[in-house]
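Asks: quick one, structure for this:
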Amino acid sequence: MRHSPTACCLVLLACLAPLAPASATILRITVTNVRNDDGSIVALVYDSADRWLSERWRSRKLVAIAGHRVDDMVTLEFDLPPGQYAFSVFQDLDANSRLARSFLGRPREPAGLSNNLRPRLGPARYRDAVFTLGDQPLEQRIRIE
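Replies: Modelled structure (predicted):
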């Protein structure tokens with residue numbers, strides 16, 4: 001029995017439909033207190049506590065500050081499926097794509113965390129930085145220091 005090319009294409013599309021990515025939602029991160037055009041802004045998005053602040057991020061963006069800074073702000077956007085996330089951002093002054101830290105672990109480059117989390121003692125906890133991204137665009141304004 002011979003099938004038409006249109007019917008074959010429809011069957012193939014129906015089989016592939018479950019593999020299509022879930023609908024994406026925009027997460028807009030507006031980084032404030034960017035004092036100069038040096039380096040880049042790096043944003044790392046995490047989707048689980050066991051990956052938090054490691055090199056096993058879910059999504060990463062790097063934006064050159066020069067040409068993208070408006071006043072003291074740089075904005076980045078991610079397209080992510082709805083879910084729970086946390087992120088870190090920093091101004092990469094030494095162009096190595098890693099946050100420079102002191103021997104005590106404190107950032108030596110301007111940095112910030114989702115929810116504007118500012119841990120006092122010890123490392124930031126995922127549960128304090130996590131937020132829910134639904135089906136509507138979400139913006140977080142993060143002050144780097």
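Asks: which residues of the chain score low on pLDDT?
Replies: For the chain, the stretches with pLDDT under 70 are 1-22.
Asks: which residues in it form strands?
Replies: Shown for the chain, the strands assigned by DSSP state E span residues 25-32, 40-46, 59-64, 74-80, 83-92, 111-113, 131-133, 138-143.
Asks: out of those strands, which is closest to residue 101?
Replies: Closest to residue 101 of the strands of the chain, according to C-beta to C-beta: strand 111-113, at 9.3 Å. Yep, even glycine has a C-beta here, placed from its N, CA and C like the rest.
Asks: what lines up beside that closest one in the sheet?
Replies: Paired neighbours of strand 111-113 in the sheet (DSSP bridges): strand 83-92 (antiparallel).
Asks: tell me what the closest residue to residue 136 other than its chain neighbours is bridged to.
Replies: Spatially, and ignoring its direct neighbours in sequence, residue 136 is nearest to residue 25 (6.8 Å; C-beta to C-beta, 6 or more residues apart in numbering). Note on residue 25: beta-bridge partners residue 80, judged by DSSP bridges.
Asks: possible to save the strands of the chain as a markdown table with distance to residue 120 and mean neighbour count?
Replies: Shown next, in a markdown table, are the strands of the chain (distance: least, C-beta to C-beta, whole Å; neighbours: other C-beta atoms under 10 Å):
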| stretch | distance to residue 120 | mean neighbour count |
| --- | --- | --- |
| strand 25-32 | 21 | 18 |
| strand 40-46 | 21 | 23 |
| strand 59-64 | 27 | 15 |
| strand 74-80 | 26 | 18 |
| strand 83-92 | 17 | 22 |
| strand 111-113 | 13 | 22 |
| strand 131-133 | 20 | 14 |
| strand 138-143 | 16 | 16 |
